[in-house]
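**Student:** Mind looking at a prediction? Sequence and model below.
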Amino acid sequence: MITLRPRHRFTVPVDAECITPDSFADKSIEEIAALQAWEGNRKRVLGDLFKIEGETSAMQEKVSIHIFEDVSKVRRIGAGMSMGEIVVEGSAGMHLGEGMKGGSITVSGDAGSWAGCMMSGGTLEIKGDVGDYVGAPYRGSTKGMGGGLIVVHGNAGNEVGCFMRKGLIKVHGNIGQFAGVHMKKGTIFVEGKCEGRAGAEMVGGKIIICAYIPSVLPTFTIDTIKPKVKVNGEVILGPFYQFIGDLADNGNGKLFVSQTKNPHLKFYEKYL
Amino acid sequence: MRLIVKNGYVYDPLNSVDGERMDICVKDGKIVEKVDERKAKIIDAFGMVVMPGGVDIHCHIAGSEVNAGRLLRPEDHFKDIEAKTAITRSGVGHSIPSTFTTGYRYARMGYTTVMNPSMPPLEARHTHEELNDTPMVDKATYPLLGDWWFVLEYLRDGQFKECAAHVAWMIDATKGYAIKIVNPGGLEAWGFGRNVRDINDPVPHFNLTPKEIVRGLCRVNHLLHMPHTIHVHTNNLGKPGNYATALETMKCVENLNNGDKPVIHITHCQFSAFKGSDWRTMESGAEEIARYVNRRKHVTLDMGQVVFTDTTTMTADGPFQYILYQLTGNKWVNHDVETETSSGIVPFRYRRKSYVHATQWSIGLELALLIEDPWKIYLTTDHPNGAPFTTYPRIISWLMSRRARKRTMEKISRRAQRRSLLPSINREYSLYEVAVATRAGTAKALGLKQKGHLGVGADADIAIYNLNPDQVDLAKKPKAVRRAFQTSAYTIKGGEIVAINGDIVKSVEGNTIWVDVKLSSNPRTVVSDLKRRFREYWTVEYENYPVPEDYLTASSPVSVKAEV
């Protein structure tokens, strides 16, 4: 296990894509301390920014990195990691687990925006809240999350699972607008409320919203009422309105919205 | 600065030098007969190929649509980053590099002159601002005039002289180099959501056919004695069956021929050489086009080769780009409709396993190989439409080696393999022919007297490639060819060494070349007509419209004397 503790409180963003099991594997503590990172516009070595202790391992899958205290200014932790484990005992910054392919990241506090962006595998678990664009692609790209699992225990911001292609995003709290925008495949499961516009321009995949949603986009059509929905084998009891959309894009995505929590959507039932 | 390039294998087709071992002397930015060896810097080019600096005839590197493409594609940039060095600026870009990076990348490949082929006249300032910021290469730009109301009206009324005077004014106002025609009539129709079907379909509201536009502007081009021919992007581009339109476009100016000189340049011909009635039956029309071109002297072409990669398509052909957007469902920009033309931008990925894309790849090479005279067809990718210009070395290796073509052929769509003509073609380009297709031929077609050759008095733009034609069997070693053309051993621009083995060692500003047309009469009626229209219709004043010469950082006008 390798532990990292910030040497000072970061006041400017720190770009530390080197904090991954892949780059720590097979390196001594001194070599790890010599890895490069940016603090604002200054080039630093990791040893300047963090106190690094512990034992290293040559095996990537056994590398376990624990980061203590608040690192919410540190960006791109675990970028591109393929194995091993990162545990953040505090909050993490933006682009957490960017493009990760495997392994796991656990954050006990909050995470910034773009968590798990361009992710294609592995597990990302955030105990607190998370910002916008969870599992989104790079700006302008259409290749969103391509696999893996993201679990958010708190709330998430806007555009969760934007351009999602595969995998599962679970949010136990509430989410913002445009969940699953441009989604192609995969599943977004939301236990809390949604601010609306869920599934805009989606062409496939599943979005499940278990609590209040102010309205469903007019380009979605009601299909049926389902008593339960399955999420990766797990049964979620409903009943749910099942909508199909986004018809503006000839989409065939499924949007499930709780029937009991949304009495204001009752008027859809007459179209069944 | 004095330079001697010693002992290289020189390929200078315009002076009929084919691989002779000789020295090239440079003094004050020009090629000279002899310089004092003690005072000159000597470059040992032993075992290397020496060619004139590359001249690219068609490459979208600047202007409003290129810039809109940059804005549209952040995902294109972030995987391809160039950090700044002591000499170069930082930049990004795979398919649409930022201006400085464009210059550096061309210099690394040994290119020294680049033509930006489409500029909406209203965006001329913007285009020249970007060209000013494109270092390392000499450049020029072609204003789009084929759908311009004034031109259409003059041609409709048969006023060729007035039209010529107006075009001369436009060339001067935009600091342009040649007359560019894109989908004649179609862009004007696109302003109203329509297109023209073929070259005999009249343009809405004008009662004028595309054929008349092409013929009219060809005559205008002749009246003005422009150094280049008209530069035509045909109607129906990118539609199955359009090879017939391309042939008709070439035929329609056949009787306007100007001695042995070409009168029309059909650009990115690959995109205009599709046979078949829809995408399923689409196949190559390269054979028909090659057969026609082989028997004529009035036409030159460029390839518009497709390479399997992720790129961005951008043309002034709005209706075509709209079709492409519908085909791909990708994001797109419909641009410049409010200006004298239109344009569209759609990100695109050419896939090896797609029958249509693989056939397009095959068509480009078939055209280049079936047209016997290398002086008639030049190497381009219509950057970034077919592929980024950085793929030229790969195309050179395909042209020079059957083996390279076969290797790629094995990986493409089976159906495209079966229908392709490439396996039956044995021709392999020699270095001499490559020099024609990439520099000498293009310089000749463009009428650039100082470029594309190494004769005494030419600009000292030289590319030296680390390739020994005596030791390497070029057809058997396509990778060596590709590597050599990817990074020149030396690139010399204006007599100064600017790049060595892929490193930029000096940043130089290239000249902006434009045509200064000297009219023999003072076209008073044309100007008064213009002024009145500007007052009535334009968003800018007549006085603010032209780009003044001092707007160009390094202006290099070419004077021509017009007949009108």
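**Tutor:** That came through, no problem. All of these numbers come straight from a predicted model, not from anything done at the bench. Numbering: from 1, shown residues only, chains lettered A, B, ... in the order given.

**Student:** Can you pull out the low-pLDDT segments for the stretch 151-272 of chain A?
**Tutor:** Residues of the stretch 151-272 of chain A that meet the criterion pLDDT under 70 are absent altogether.

**Student:** Could you find the closest non-adjacent residue to the closest residue to chain B within it?
**Tutor:** Here the stretch 151-272 of chain A gets closest to chain B at one residue, A:D249, 8.1 Å apart by CB to the nearest CB. From N, CA and C alone the C-beta is placed, and that goes for glycine too. In space, A:D249 comes closest to A:E201 once its chain neighbours are excluded; the distance is 5.0 Å by CB to CB, 6 or more residues apart in numbering or on different chains.

**Student:** Same check on B:C163?
**Tutor:** Nearest residue to B:C163 in three dimensions, chain neighbours excluded: B:Y154, at 3.6 Å (CB to CB, 6+ apart).

**Student:** Can you give me the distance of the one you found to chain A?
**Tutor:** 43 Å (CB to the nearest CB, to the nearest Å).

**Student:** Report the next helix or strand after the helix or strand hosting that residue in sequence order.
**Tutor:** Secondary-structure assignment from DSSP states H and E places B:Y154 in helix B:149-156. For helix B:149-156, the succeeding helix or strand toward the C-terminus, using DSSP H and E, is helix B:160-174.

**Student:** State the mean pLDDT of the next helix or strand after that next one.
**Tutor:** The element immediately downstream of helix B:160-174 (helix or strand, assigned by DSSP H and E) is strand B:180-182. In this model, strand B:180-182 has an average pLDDT of 94.

**Student:** For the next helix-or-strand element following strand B:180-182, give me every contacting residue.
**Tutor:** Per DSSP H and E, the first helix or strand lying C-terminal to strand B:180-182 is helix B:186-190. Among residues not part of helix B:186-190, those counted as contacts by CB atoms under 8 Å, 6 or more residues apart in numbering or on different chains are B:144, B:146-147, B:149, B:152, B:195-196, B:203-206, B:210, B:235, B:316-319, B:322, B:337, B:341-342.

**Student:** Also near chain A: which of these, exactly?
**Tutor:** When CB under 8 Å from any CB of the partner chain is taken as the criterion, no member of these contacts chain A.

**Student:** what residues does the stretch 51-200 of chain A put near chain B?
**Tutor:** Where proximity means CB under 8 Å from any CB, the interface of the stretch 51-200 of chain A facing chain B comprises A:137-142.

**Student:** Show me the two of the residues you listed that sit farthest apart.
**Tutor:** The widest separation within these, taken as CB to CB, falls between A:R139 and A:T142 and amounts to 11.1 Å.

**Student:** What is the neighbour count of the residue in chain A that chain B sits nearest to?
**Tutor:** Minimum separation of chain A from chain B (CB to the nearest CB) falls at A:S141, amounting to 3.6 Å. Burial of A:S141, expressed as a neighbour count using other CB atoms under 10 Å in any protein chain shown, amounts to 18.

**Student:** Also A:R44?
**Tutor:** A total of 17 residues lie near A:R44 under the criterion other CB under 10 Å.

**Student:** And for the one 3 residues further on?
**Tutor:** Neighbour count of A:G47, defined by other CB under 10 Å: 16.

**Student:** cool, and A:G147?
**Tutor:** Residue crowding around A:G147 was assessed by other CB under 10 Å; the count is 16.

**Student:** Ok, A:G176 next?
**Tutor:** Look at A:G176: counted by other CB under 10 Å, it has 18 neighbours.

**Student:** One more: B:G259?
**Tutor:** Residues lying near B:G259 (other CB under 10 Å) number 7.

**Student:** which residues does it contact?
**Tutor:** B:G259 sits next to no residue when contact means CB under 8 Å, 6+ apart.

**Student:** redo that, cut-off 10 Å
**Tutor:** B:297-298 (CB atoms under 10 Å, 6 or more residues apart in numbering or on different chains).

**Student:** just B:N200 next, same as before
**Tutor:** B:209-212, B:235, B:245, B:248, B:252.

**Student:** how about the residues you listed in CSV, adding secondary structure, pLDDT and neighbour count?
**Tutor:** Below are those laid out as CSV (DSSP: H, G, I helix; E, B strand; the rest coil; pLDDT from 0 to 100; neighbours: other CB atoms under 10 Å in any protein chain shown):
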residue, secondary structure, pLDDT, neighbour count
B:T209, coil, 93, 19
B:P210, helix, 94, 31
B:K211, helix, 94, 21
B:E212, helix, 94, 22
B:N235, coil, 92, 32
B:T245, helix, 94, 21
B:E248, helix, 94, 18
B:C252, coil, 93, 19
